[in-house]
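Asks: Quick one, structure for this:
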Amino acid sequence: MSGVRKSFRVLALIGSGHALSHFYLLALPPLFPLIKAEFGVGYAELGLLLTLFNIATGAAQIPAGFLTDRIGARALLLAGVALMGLAIGLLGLSPAYPMMLALVVLAGIGNSVIHPSDYVIMAGSIAPRWLARAFGIHTFAGNLGFALAPVTMVGLAALAGWRGALCAAGLLALPVLLGLALCGRDLQGEARPRARRGDAEPAPGQATPPAGRRLLLAPPILLLLLFYMLMAMVTSGVQSFSVSALVAVQNLQLGAANGVLTTFLITSSAGILLGGLIADRTRRYALLSAIAFGSAALLLLLPALLALPALALAVLFGLAGLLQGSVRPARDMMVRAVTPAGATGRVFAFVMTGLSVGAAITPLLFGLILDLGEPRLVFWLLAAFFGAAILVILLVQEVAARAPAPAAGAGEVAAE
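Replies: Here you go, the predicted model:
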């Protein structure tokens, strides 16, 4: 029972940081109309804030992964959360749009440590038989941050304006930092594999072969990088400009459109928990992902084709969110399955760079589409991203089946 309690403490600690990370990623979009009015910028320029946030995360994430494997996760996690909170709080004090561009870069650098640090800690602290559920709970915590961000930021802005809302959001990092500092002894990293007698030592500055570029450029890992990117393009597209597209295409009131988005975020979180239970009981990850994504693609096409009431749109987006969320624990288990022992930080940092790349592309793309007056194209592209993800994950299954098994200590399951 003590092991179970410790696992829950670990998940609570890193989950709070993950939730805060996702909260910050979605802190700006609910405030876009207010920022747009004050600074006189367009939707494409507002989308650029999110793009730079995610580019900075992606650029710093792989170095953060190598540092996590080398020096440990806890110190980097504390530094990253502190930098995020500081940057988000300072956004509320920005005198002009260019300063906001610089601050979102700092926030992205802080955000870059979250995924490699958290996955190293889970690999070292959670029993293998519960690992998929742990991944699911961790991802659920991140989605909870997404779900809380719109209503919280809108509420804070109503009380204190958009500047006060961002300053208050920055202060949310303080209790998370306190918890990580006081209970950090529970955050154990992944054990490194012991070198066997006779193994050659790498030259100074040279990466060990399975942990260097050869590992990161292996076909299964490159395909999983692309899969993460496509999943992020869907999620980022829905979060950033689906509300604006629904208002334009379906003539919804802003409050009703935000309600549809909130439904998607809540059911996506529920789907993650369901997916964690499923992923601990099956290895047919590619088939389940293809079915879920194909169904979600059809659901998100309907708003482009039919005039629908707000309740029907909420149901469609809710089902799509449930299906999309259910794939995430399986996605992480597929990465774990092809990761050698001692390389969890760098491999997860590498593939999760796809999340940053996808999240950087979509807001700018969808902002340009809306500025050009083509809001229906938002829903067509969301469905296309789902379709591309299906092809990639089926290819991952095929390539992983032919690849040699990873070194001892990697994930305990295969992709199929």
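Asks: what bits of this protein have low per-residue confidence?
Replies: Counting by pLDDT under 70, the ranges of the chain that qualify are 1-4, 184, 186-213, 341-342, 400-401, 403-416.
Asks: centroid residue for it?
Replies: Nearest to the mean C-alpha position of the chain, by CA atoms, centre = their mean, lies residue 355 at 5.9 Å.
Asks: so that one sits right up against residue 232, yeah?
Replies: Yes - Residue 355 lies in contact with residue 232 (CB atoms under 8 Å); the separation is 4.2 Å. The way it works is simple: take the backbone N, C-alpha and C, and place the C-beta from them, glycine included.
Asks: Buried residues of the stretch of helix or strand the residue nearest to the centre of the chain belongs to, list them for me.
Replies: Secondary structure assignment for residue 355, by DSSP states H and E: helix 344-371. Applying a neighbour-count criterion of 16 or more other CB atoms under 10 Å, the buried positions in helix 344-371 are 344-367, 369-370.
Asks: starting at the chain centroid, how far to the next helix or strand after it?
Replies: Per DSSP H and E, the first helix or strand lying C-terminal to helix 344-371 is helix 376-402. In this view, helix 376-402 has its centroid 17 Å away from the chain centroid, taken as CA atoms, centre = their mean, to the nearest Å.
Asks: Could you name the helices and strands sitting against helix 376-402?
Replies: helix 219-250, helix 285-305, helix 328-337, helix 344-371 (3 or more CB pairs under 8 Å, 6 or more residues apart in numbering; DSSP states H and E).
Asks: which helices and strands sit right next to the last one?
Replies: What that stands for is helix 344-371. helix 43-71, helix 114-125, helix 213-216, helix 219-250, helix 328-337, helix 376-402.
Asks: Ok, which of these comes nearest residue 146?
Replies: helix 219-250 (6.7 Å; CB to CB).
Asks: Show me which residues of that closest one are buried.
Replies: By neighbour count on 16+ other CB under 10 Å, the buried set for helix 219-250 is 220-250.
Asks: Now do it and helix 285-305, the angle between them.
Replies: Relative orientation of helix 219-250 versus helix 285-305 (axes from the mean of the first three to the mean of the last three CA atoms, to 10 degrees): 20 degrees.
Asks: Let me know the angle separating the longest helix seen in the chain from helix 328-337.
Replies: Scanning the chain for the helix with the most residues, using DSSP state H, yields helix 131-171. For helix 131-171 against helix 328-337, the angle by the same axes, to 10 degrees is 110 degrees.
Asks: Do I have it right that residue 327 meets residue 275?
Replies: Yes - if you go by CB under 8 Å, residue 327 and residue 275 touch, sitting 6.2 Å apart.
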